[in-house]
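1. A structural model of the following input is requested.
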Amino acid sequence: MTISNETKVGVLTAIAIVLLVLGFNFLKGKNIGGKNAHYFAVFSDIQGLNSSNPVIINGKQVGNINKTDGGKDMRRIVVDINMTVDVIIPDDAVALISKSLLGTVELDIRLGNSTTALKSNDTLKTIMSGDLIGDAMKKLDPVLYQVTNAVKTLDTLLGTVSSVFDPNTKNNIKGVMDNLNKTTASLAVSSASLQGLLNNQTGALAKTMDNLSSFTSSLKNNDDNINHTLGNLATTTDRLSKLDFEKTLSTLNATVSDLRSAVGKMSSNDGTLGLLLNDTKLYNNLNATSNKINLLLDDVRVHPKRYVNISVFGKKDKNSPLMVPLADTVNAPYLPFTNAKP
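-> The predicted structure follows:
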């Protein structure tokens, strides 16, 4: 069987492509013969960590970085760790990013003491790593390392103070100091005034104490009068306590009861006063009598000859008597006689 040259070229090309892919994956650290374990770690700053960077455990490379993904937010960058060596990683292991002296970035996994192992696709705990040069300086010369940190802290503090002490702040501080000087001067004047107040000879406080002493002396000299006054007051209160207030209150209550009873009788129809106040018969009788008197007076005024005849030749008044009083006055109107009630 004869194989054409075209077939030979195609087969060699396919084999070359396969070998190229396998070699590329091998160079990336991927396990060609089997499935690799993957772990994840989350950092806020990966410090330049890229794909294919080594993963180190106790100085030995056990894998590499497959990829990093921070999304659009870039606050949490997820690192995909591809393990090329079958190792047991405890669940208390931590991952940190470190830089070598040559500037190579690598992921260092520090094993813990737990007996429980992580499974593939689990997430490792992470810590932020320090500067490798700083760590070396800390090990070589701890004093120099502390001085360096102190200088950095002092520089930060000076920068903060410089930013705080802007021209406006300086002017404000100057104003505060001026006010403090004025306050100090006022305190000095107040101290002098207080000294004068406390002066034993001419101070106002000394005079006040003298007046108080004089007042207490006067009270002491009038001790007998005060005792006599207090005795009289005690006697007066004793006499007041002996008064029969209960009997007086009882009498007052009885008087109020009698007055209430009298008012009640006046409001009722019992008794002469109650009938006079509440019964309308007396009012009607008086009204009828008044009408009759008015009628009589009007009749006498209109027909006087009927009652008094002094004329020798006069004629007798034969007119009929008045039956209704004459309403000749606005201020004294008359009620008809028929409205009177018996």
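2. use CA for all of it now, contacts and neighbours both
-> Will do.
3. hey, where'd the helices end up in the stretch 51-200 of the chain?
-> If DSSP state H, counting those that start in this stretch is used as the criterion, the helices of the stretch 51-200 of the chain fall at 132-140, 142-164, 167-197.
4. rank those helices by pLDDT, which is bottom?
-> Lowest mean pLDDT of these: helix 132-140, a mean of 53.
5. I'd assumed Asn66 was in contact with Ser51.
-> Yes. Applying C-alpha atoms under 8 Å as the test, Ser51 and Asn66 come out as touching, 5.3 Å apart.
6. neighbour-wise, which of those two wins?
-> Asn66 (19 against 14; other C-alpha atoms under 10 Å).
7. Enumerate every residue touching the more buried one.
-> Applying C-alpha atoms under 8 Å, 6 or more residues apart in numbering, we find Asn66 in contact with Ser51, Ser52, Val79, Asp80, Ile81, Asn82.
8. let's go with 6 Å and repeat that
-> Ser51, Asp80, Ile81, Asn82 (C-alpha atoms under 6 Å, 6 or more residues apart in numbering).
9. Mind checking which of those residues are buried?
-> Neighbour counting by 16 or more other C-alpha atoms under 10 Å classes Asp80, Ile81, Asn82 among the contacts of Asn66 as buried.
10. Quick one: those residues as TSV, columns for pLDDT too.
-> Output for the buried ones among the contacts of Asn66, formatted as TSV (pLDDT from 0 to 100):
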residue	pLDDT
Asp80	94
Ile81	93
Asn82	91
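11. follow-up on the earlier one: which ones among the contacts of Asn66 lie within strands?
-> With strands defined by DSSP state E, the entries of the contacts of Asn66 inside them are Asp80, Ile81, Asn82.
12. Give the bridge partners for the second one, please.
-> Looking back up the chat, that one is Ile81. Tyr39, Ile65 (DSSP bridges).
13. which residues sit in contact with it?
-> Contacts for Ile81 (C-alpha under 6 Å, 6+ apart) come out as His38, Tyr39, Phe40, Ile65, Asn66.
14. Rebuild those residues as a markdown table, extending it with distance to Ser193 and pLDDT.
-> Formatted as a markdown table, those follow (distance: C-alpha to C-alpha, whole Å; pLDDT from 0 to 100):
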| residue | distance to Ser193 | pLDDT |
| --- | --- | --- |
| His38 | 85 | 90 |
| Tyr39 | 82 | 93 |
| Phe40 | 79 | 95 |
| Ile65 | 82 | 92 |
| Asn66 | 85 | 89 |
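15. I'm done for today, thanks for sticking with me.
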